[in-house]
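1. kindly generate the corresponding structure for this input.
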Amino acid sequence: MRSDGTRAPRPGVSGDVRRDLYAALAAALLVVAAVLIGRRIEDTDHTLFVSWPPLLASWGPHLGPGTAAAVVVAAAVCVHGPVVAARLSWRALPALAWATSMAWIFSLALIDGWHRGIAVRLTTRYEYLQVIDRFHDIPAALHGFTDHILIGSPDHWPAHVAGHPPAATLTFVLLDRIGLGGGGWAGVWCITVGATTCVAVLVALRALAAESLARRAAPFLVLAPAAVWMGTSADAYFAAVAAWAVALLAVAVTRRSPVAAGASGLLFGLTFHLSYGLTLVALIGAAVLVLGRHRIRERPVLLVALAAGLAVVPALFAVAGFNWWEAYHLLVTRYHQGAGGTRPYGYWVWANLACTVLVTGPATAAGLRRTGAVLIRGRRDAFTLPDDSGARAGAEARLAALVAAALLAVVIADLSGMSKAETERIWLPFAVWLLPACALLPGPRAWLTAQAVLALLLNHLLRTGW
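-> Model (predicted):
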């Protein structure tokens, strides 16, 4: 008892931390259920079209050239990451985060070796590099792009080419044109650009929430289990473009910059022409606009600049003869012609979420619990950017709003039924915006260790499709 007659708190785990652990445990149980039930469905009905449900992977314990480097990077970030992120100058932090993220992604990919881990990932019969020679006349290829989407059409596109607007394929065509052809360069491009995703999220968090929260999130953004699928898949590149679109919008709103708003619109337009599903990134952009609504009212030219930038890429593709809406409807038809239409919705509607747990890790599950608590107790004025005096009241609420927008995008994508399986890579552009929830957690080293162990186990025990 204390001298004032009250009971002294007992040493041990606090209530909040205990609830964090419960959230992580619930996420782990979801994954276990998805594995066990998925295994039974695939063994009996063969309708999941994945070898190790819920992931597109196969069981295959192995070591590789990247093993030692991956362990070293993980250990360094777990031990030193929180302190370095807190003390390093802001100018140096994004560059270090990018370099460390690249080291983490490359080392994980190289566990499978250079050939399998990077060089051939984008050269399989489903991938973009299979059609480089069919784009020798780019205007003609764009004009006739929709003619080859359906499976029954002549010379139909491979799955990933048909499944995305042509900006995705054009990226690799242009790389080939400048002398960076082949799977090796394509893989290096996706990893190098994809690793900037963490920098974009840091920029957005600093602008919209608080620099302190961005610093707390930095090690989790760098050491995310998502890195397993960012090396090597084109979705890592897509995630980076989408993240920078949001980050530039955040900068535009906080600094009242029409130039940043125009650049953001340009990248949003490109994002929508990299993947049809990434139109849902607009929800995260909308959250940014809501947070900065008072500043936009003061300078409505920001919306004009955003709209002008947004119109550029769609206009260019339309002039070239590509019809986005027609292509999307044809894709839906093709989706139901193939594996996507036969995979059982009743399993994937919740197993997709288990994939997201594996991509974002147990720390994010705990962070999402805290995000919900912040949103529940947040005052209305907490969801508005502070004035120029620099007040940071409500920073956690604004971070929570961004995370909630990303979670809403995931839920809509899930319920749509157009993402059944392979969401461990398809949802990377949304998953990276769930990771900032980890900034709300105490004891970051323990949670970082859990994140790293998960990624290392995934890459050493499974042979993933990406």
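2. going forward, measure contacts between C-alpha atoms and count neighbours the same way
-> OK.
3. and His336, how many residues sit next to it?
-> Using other C-alpha atoms under 10 Å, His336 has 13 neighbouring residues.
4. for Glu422, that is, sorry about that
-> 18.
5. is it true that it touches Leu55?
-> Yes: using C-alpha atoms under 8 Å, Glu422 is in contact with Leu55, at 6.5 Å.
6. strands along this protein, start to end?
-> 57-59, 462-464 (DSSP state E).
7. in the first one, what's buried?
-> For strand 57-59, the buried set under the neighbour-count rule, 16 or more other C-alpha atoms under 10 Å, comprises Ala57.
8. where does the stretch 51-200 of the chain dip in pLDDT?
-> Across the stretch 51-200 of the chain, nothing is flagged by pLDDT under 70.
9. which residues in it form helices?
-> Ranges of helices within the stretch 51-200 of the chain are 67-87, 92-109, 113-114, 138-143, 159-162, 166-177, 183-194, 197-208, based on DSSP state H, counting those that start in this stretch.
10. minimum distance to Thr123: which of those has it?
-> Nearest to Thr123 among those is helix 183-194 (5.8 Å), distances taken as C-alpha to C-alpha.
11. which strands and helices sit next to the closest one?
-> In terms of contacts (3 or more C-alpha pairs under 8 Å, 6 or more residues apart in numbering; DSSP states H and E), helix 183-194 is packed against helix 92-109, helix 227-230, helix 234-255.
12. these into JSON lines, with extra columns for distance to Tyr276 and mean neighbour count?
-> Formatted as JSON lines, the helices and strands packed on helix 183-194 follow (distance: least, C-alpha to C-alpha, whole Å; neighbours: other C-alpha atoms under 10 Å):
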{"stretch": "helix 92-109", "distance to Tyr276": "26", "mean neighbour count": "23"}
{"stretch": "helix 227-230", "distance to Tyr276": "19", "mean neighbour count": "27"}
{"stretch": "helix 234-255", "distance to Tyr276": "11", "mean neighbour count": "27"}
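13. any idea how far Ala74 is from Cys190?
-> From Ala74 over to Cys190 the distance is 21 Å, taken as C-alpha to C-alpha, to the nearest Å.
14. so for Ala391, what's the pLDDT?
-> What the model reports as pLDDT for Ala391 is 47.
15. let me fix that, I meant to ask about Pro9.
-> With respect to pLDDT, Pro9 has a value of 42.
16. kindly report the same for His460.
-> Predicted confidence (pLDDT) for His460: 98.
17. just Arg379 next, same as before
-> What the model reports for Arg379 is a pLDDT of 70.
18. distance of it relative to Gly292?
-> From Arg379 to Gly292 the distance is 16 Å (C-alpha to C-alpha).
19. so those two - more neighbours on which side?
-> A count of neighbours by other C-alpha under 10 Å puts Gly292 above the other of Arg379 and Gly292, at 22 against 12.
20. neighbours around the closest residue to Gly378 other than its chain neighbours, how many?
-> Spatial nearest neighbour of Gly378, excluding adjacent residues (C-alpha to C-alpha, 6 or more residues apart in numbering): Ala397 at 6.1 Å. By other C-alpha under 10 Å, the residues close to Ala397 number 25.
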